[in-house]
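Trainee: structure for this input, please:
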Amino acid sequence: MTIKLSDERHGDLLGKLSAFYLEIFDETLSEYQAERLLDFFIRKLGPEVYNQAIQDSRKFMLEKLEDLDAEFVITETEK
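Mentor: Alright, predicted model coming up:
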C-alpha cells in the first residue's frame, strides 16, 4: 500500500515532526532527517493505522445497523 500525501499535508507534517523532536529531544532535525523519519512512519505505521481505522469504522457501522434493525423491529411489533 502506498500512501501519498498532498504537498501541503506533507509540509505540515514535516513541520510538526520537527517541532515535536525539538520539544522532546531539544535537538533540531535537518530537512533530510525529518523527511526520512516521516517516510519511515508512513511506510511502517501508516498501513497499520489505516487498517485499524477501517476495522473500527466497520465495527461502528455494524453497531449502528444493529441499532436500526432493533428500532425497526420494535416499531413493527407496536402496530
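
Trainee: so which bits of stretch 19-27 are buried?
Mentor: Along stretch 19-27, the positions that meet the burial threshold by neighbour count (16 or more other CB atoms under 10 Å) are Tyr21. C-beta coordinates here come from the backbone N, C-alpha and C atoms, glycine included.

Trainee: for the chain, which helix is longest?
Mentor: Under DSSP state H, the helix in the chain containing the largest number of residues is helix 31-77.

Trainee: how far does that helix sit from its chain's centre?
Mentor: Averaging C-alpha coordinates over helix 31-77 and over its chain gives two centres that are 8 Å apart (CA atoms, centre = their mean, to the nearest Å).

Trainee: what is that helix packed up against?
Mentor: For helix 31-77, the elements it packs on are helix 7-25, judged by 3 or more CB pairs under 8 Å, 6 or more residues apart in numbering; DSSP states H and E.

Trainee: which other helices and strands does the helix it packs on contact?
Mentor: Using 3+ CB pairs under 8 Å, 6+ apart as the contact criterion, the elements in contact with helix 7-25 are helix 31-77.

Trainee: and the angle from the helix it packs on to helix 7-25?
Mentor: Comparing the axes of helix 31-77 and helix 7-25 via axes from the mean of the first three to the mean of the last three CA atoms, to 10 degrees yields an angle of 110 degrees.

Trainee: sketch out the low-pLDDT regions of this protein for me.
Mentor: For the chain, the stretches flagged by pLDDT under 70 are 1, 69-79.

Trainee: so Thr2, which of the three states?
Mentor: Secondary structure of Thr2, reduced to three states by DSSP: H, G, I helix; E, B strand; the rest coil: coil.

Trainee: just Leu5 next, same as before
Mentor: Going by three-state DSSP, the secondary structure assigned to Leu5 is coil.

Trainee: ok, now how distant is the spatially closest residue to it that is not a sequence neighbour from Ser57?
Mentor: Take Leu5 and drop its neighbours on the chain: the residue closest to it by CB to CB, 6 or more residues apart in numbering is Leu13, 7.0 Å away. Applying CB to CB, to the nearest Å, one obtains 22 Å for the distance of Leu13 from Ser57.
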